[in-house]
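>>> Sequence first, predicted coordinates after that:
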Protein chains: 2
Amino acid sequence: MNDQKYNAIIADDHAIVRAGLKDALEKPGLIEPEGIKVLAEVGDGLSAIAEIRKHRPHLLLLDVSMPMAGGVEVLIEARRWSKETRVVVLTGVSAVGLVSDLIETGVDGLFSKASDNTEFYQKLPGILRGQRHISEYFLKILEETPNPPVLTDRERQTLNMILAGRSNKEIAAGLGISVKTVDKHRTSLMQKLKVHSVPQLIARALKEGLIDPSKEL
Amino acid sequence: MNDQKYNAIIADDHAIVRAGLKDALEKPGLIEPEGIKVLAEVGDGLSAIAEIRKHRPHLLLLDVSMPMAGGVEVLIEARRWSKETRVVVLTGVSAVGLVSDLIETGVDGLFSKASDNTEFYQKLPGILRGQRHISEYFLKILEETPNPPVLTDRERQTLNMILAGRSNKEIAAGLGISVKTVDKHRTSLMQKLKVHSVPQLIARALKEGLIDPSKEL
DNA sequence: CTCACCATGGGGCCAATCCCCCAATCGCGT
DNA sequence: ACGCGATTGGGGGATTGGCCCCATGGTGAG
């Protein structure tokens, strides 16, 4: 019965998605002739890392938005504990920051949940055998974005606190610096993002995925 | 071959979710002894409405976040064009505003994508036969929220434009009213939401789901 | 018919923001 | 050693925002 060549772990916070992916992986002939054995399915990032360390599977199917730990964090941990595991990320959001982070960290496959999944089925076998595939969808988004604004640490911190609804004064207190410095960071942020007010700043930040929405704002 | 008692339409912007749901519905014995026939699957709200008018199915499985038209809009249109269709909404977000809107509009079933889907499988047959079921998960969220702030039309419009990054002046021009009136709406908004600045307003609005995130902000 | 509430405006005050100007320190790479 | 950029801090000014005062209609509930 254990004649499957490959095994996998599925990580996604939606049970329906897990069920659908498990079905597709295990079905003989759809992706692999013998199907792919699903060793475990988990609903959060921490469990994902735990299962990776335990099973060291051939494949990890990973969702980006999960409780406890998101896509990039899990990817890094997976690399640390199981170098041979091929990591394929499925994402519903197409935030530029997120996508480029994933690619730079060295994800083996990247597909959109929104687009047709035939591309996913067709490319998975190649990925299992060492190839790498980033969906055209994301490549197009990346090259259509000539402005990947690079934020400094302080700017990122400031941005997050602005999104959390803190005023300049509160941010200054929180970071232990003067209000004027916060003001400077804020100004730099708005120059880099080419906006002129807080609401526009927030809108852009959310769209570009420059910040972490999971950090309960 | 057409011995299934019920048929359905699936609307979700993620192909994997559609595949998983279709599988579950059609599988004999899981939900219905003979399975449920899937007449169509669509990836956006407009197509969903079109297919509803065309097929008038027994069941509509609906996602809340979709391009072109979201959950509530599709629900209303479905009611208009096909009164007998049972509408069941699956959602990944648990924003209070959204949930209460759906329940008030009279959705027949409401389930969370994140929680286990056995509840979904078990309750669907009852829903097909006229019952109504809102997942405990959402009932708990609703009763834990004693403050359902009711916004007037103008306030909602103003809120949306604030979130879109418009200034008071721009909003005034857009709505054809004076800046002072916009200011008044803004003040009322902040009283109702118990915040004291735009950033806090945005943070709250996003968390409570008072506005439509799909309206590309 | 009141009464509450919404929507419409205006005056004014003070605080916060946006955006210029400026300078000092530190580290990093050429 | 020199420059570059990040970070820190300040002065000052124009604009906007948050919130108080006020009044006028309309509308729907009692």
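Arrived safely, thanks for sending.
>>> gap between A:Asn160 and A:Glu104?
Using C-beta to C-beta, to the nearest Å, we find A:Asn160 at a distance of 21 Å from A:Glu104. (Glycine included, C-beta is placed from N, CA and C.)
>>> got it, and A:Glu119?
22 Å.
>>> Looking at the two, which is more packed in?
Taking neighbours as other C-beta atoms under 10 Å in any protein chain shown, A:Glu119 and A:Glu104 compare with A:Glu119 leading, 16 against 9.
>>> If you count contacts, what does the helix or strand that the more buried one is a member of end up packed against?
Per DSSP states H and E, A:Glu119 falls inside helix A:118-128. Applying 3 or more C-beta pairs under 8 Å, 6 or more residues apart in numbering or on different chains; DSSP states H and E, one finds that helix A:118-128 contacts strand A:59-63, strand A:86-91, strand A:109-112, strand A:133-134.
>>> which other residues reach it?
Under the contact criterion C-beta atoms under 8 Å, 6 or more residues apart in numbering or on different chains, helix A:118-128 has outside partners A:6, A:24, A:30-32, A:58-59, A:86, A:88, A:90, A:108-109, A:111, A:131, A:133, A:135-136, B:16.
>>> Just the buried ones among those residues, please.
A:6, A:24, A:31-32, A:58-59, A:86, A:88, A:90, A:108-109, A:111, A:133, A:135, B:16 (16 or more other C-beta atoms under 10 Å in any protein chain shown).
>>> Flag every buried residue along the longest helix seen in chain A.
Identified as the longest helix of chain A according to DSSP state H is helix A:179-193. Neighbour counts over helix A:179-193 (16+ other C-beta under 10 Å) mark A:Val182, A:His185, A:Arg186, A:Leu189, A:Met190, A:Lys192, A:Leu193 as buried.
>>> ok, those vs DNA strand C, which is closest?
A:Met190 (4.2 Å; C-beta to the nearest atom of the strand).
>>> Could I get the pLDDT score of the closest one?
pLDDT recorded at A:Met190 is 86.
>>> Was I right to think it contacts A:Ile202?
No. Counting by C-beta atoms under 8 Å, A:Met190 stays clear of A:Ile202, with 11.4 Å between them.
>>> Return the residues in contact with the closest residue to A:Ser82 other than its chain neighbours.
Closest residue to A:Ser82 apart from its sequence neighbours, by C-beta to C-beta, 6 or more residues apart in numbering or on different chains: A:Arg56 at 4.2 Å. Contacts for A:Arg56 (C-beta under 8 Å, 6+ apart) come out as A:Trp81, A:Ser82, A:Glu84, A:Thr85.
>>> Show me what from chain A comes close to chain B.
Neighbours of chain B within chain A, by C-beta under 8 Å from any C-beta of the partner chain: A:13-17, A:19-21, A:23-24, A:43, A:90, A:92, A:113-117, A:120, A:162-167, A:195, A:197-200, A:202-203, A:206-207, A:217.
>>> and those residues near DNA strand C, which?
A:Ser167, A:Ser197, A:Val198 (C-beta under 7 Å from any atom of the strand).
>>> Among those residues, name the buried ones.
Burial by neighbour count, 16+ other C-beta under 10 Å: within those this picks out A:Ser167, A:Val198.
>>> How much space separates A:His185 from A:Ile162?
Counting by C-beta to C-beta - A:His185 and A:Ile162 are separated by 9 Å.
>>> How about A:Arg53?
A:Arg53 is 37 Å from A:Ile162, by C-beta to C-beta.
>>> contacts for stretch A:157-167?
With contacts defined as C-beta under 8 Å, 6+ apart, stretch A:157-167 is touched by A:151, A:170-171, A:174-175, A:182, A:185-186, A:189, A:198, A:201-202, A:205, A:210-212, A:215, A:217, B:195, B:197, B:199-204.
>>> Could you confirm whether any residue of it contacts DNA strand D?
No. Stretch A:157-167 is not in contact with DNA strand D by C-beta under 7 Å from any atom of the strand; minimum separation 8.2 Å.
>>> could you say what helices and strands the longest helix of chain A packs with?
helix A:153-163, helix A:168-175, helix A:198-208.
>>> What residues of the first one count as buried?
With burial defined by 16+ other C-beta under 10 Å, the residues of helix A:153-163 counted as buried are A:Arg154, A:Glu155, A:Gln157, A:Thr158, A:Leu159, A:Asn160, A:Met161, A:Ile162, A:Leu163.
>>> Understood, closing this out.
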